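Q: build me a model:
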Amino acid sequence: MIKENLTKVRSTLADGVRLVAVSKTKPVEMLQEAYDAGQRLFGENKALEMRDKHAVLPQDIEWHFIGHLQTNKIKYIAEYVSLIHSIDSLHLLEAVDKEAEKHGRVIDCLLQFHIATEETKFGLDMDEATALLESAEYGAMKHVRIVGVMGMATNTDNYDLVRHEFRTLHGYYEQLKAKYFAGHAEFKEVSMGMSHDYRIAMEEGATLVRIGSTIFGARNYGVPVNDV
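A: Sure, this is the predicted structure:
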């Protein structure tokens, strides 16, 4: 079923949109099945879970960290993570920079914005993002590279609201691109959209969509199916 689900999802993707298969809480056997069906981008939200899966799965997987990242857990993913979607503070970015330096890497990162009505979601506002990018601390970093933005829309059936939130995030992306990243081809990613709203996200400019339950089935710890 995973292969069939992947085929169906891929058939709906717009040109230029990449699929991050959100595999959090799923066993390695299911990830291997998706890998065998051609999937190479996987998203995890727990550093230790990602570490354990990375150790036993094929080494050409592109691992994306999509959850709230604690600074003391960066060390478990810094050696191999391809993209961190969830940078929501200067302090966190500094910690990633330090761990990346230990491995002689430059880690790609997205700035996470708070676009939802729910206060429980993490993320920057535009003033905070501006302060981060104009800080001396950010200017001194050599081992991180900001390549775009990420956000999570409100978990609601009000798709007009969801569209507005995605449009807001893409607007933030355009503002940052114009002011701070003009001429930087690597600044190109807009990570937004999950199983229940990724089609709207694509219409509003997503380049990365994070889809879990549509591929792997409902998660197994009491979270609503449409949360990913």
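Q: what's the single longest helix in this structure?
A: When the chain is parsed with DSSP state H, its longest helix is helix 159-180.
Q: any idea which helix or strand carries residue 6?
A: Taking DSSP states H and E as the definition, residue 6 sits inside helix 2-12.
Q: quick one: that helix to chain centroid distance?
A: Relative to its parent chain, helix 2-12 has a centroid offset of 20 Å by CA atoms, centre = their mean, to the nearest Å.
Q: which parts of that helix are buried?
A: For helix 2-12, a neighbour-count test (16 or more other CB atoms under 10 Å) marks 2, 5-6, 9 as buried. (C-beta placed from N, C-alpha, C; glycine too.)
Q: what would these look like in a markdown table with pLDDT and distance to residue 169?
A: What follows is those, written out as a markdown table (pLDDT from 0 to 100; distance: CB to CB, whole Å):
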| residue | pLDDT | distance to residue 169 |
| --- | --- | --- |
| 2 | 97 | 29 |
| 5 | 98 | 26 |
| 6 | 98 | 26 |
| 9 | 98 | 21 |
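Q: residues in contact with residue 8?
A: residue 214 (CB atoms under 8 Å, 6 or more residues apart in numbering).
Q: buried sites along stretch 67-83?
A: Neighbour-count burial for stretch 67-83, counted by 16+ other CB under 10 Å, picks out 67, 69, 73-74, 76-78, 80-81, 83.
Q: just stretch 95-110 next, same as before
A: Across stretch 95-110, burial judged by 16+ other CB under 10 Å covers 95-101, 107-110.
Q: ok, and what's touching it?
A: 69, 71, 74-75, 78-79, 81-87, 93, 141-150, 186, 189, 191.
Q: mean confidence score for that stretch?
A: Averaging pLDDT along stretch 95-110 gives 98.
Q: okay, now the unreliable bits of the protein?
A: 219-228 (pLDDT under 70).
Q: helices along that one, start to end?
A: Counting by DSSP H, one finds helices in the chain at the ranges 2-12, 28-36, 47-56, 90-102, 126-133, 136-140, 159-180, 198-203, 213-216.
Q: what angle separates the third one from helix 28-36?
A: To tie it back to what came earlier, the one meant is helix 47-56. Going by axes from the mean of the first three to the mean of the last three CA atoms, to 10 degrees, helix 47-56 is angled at 60 degrees with respect to helix 28-36.
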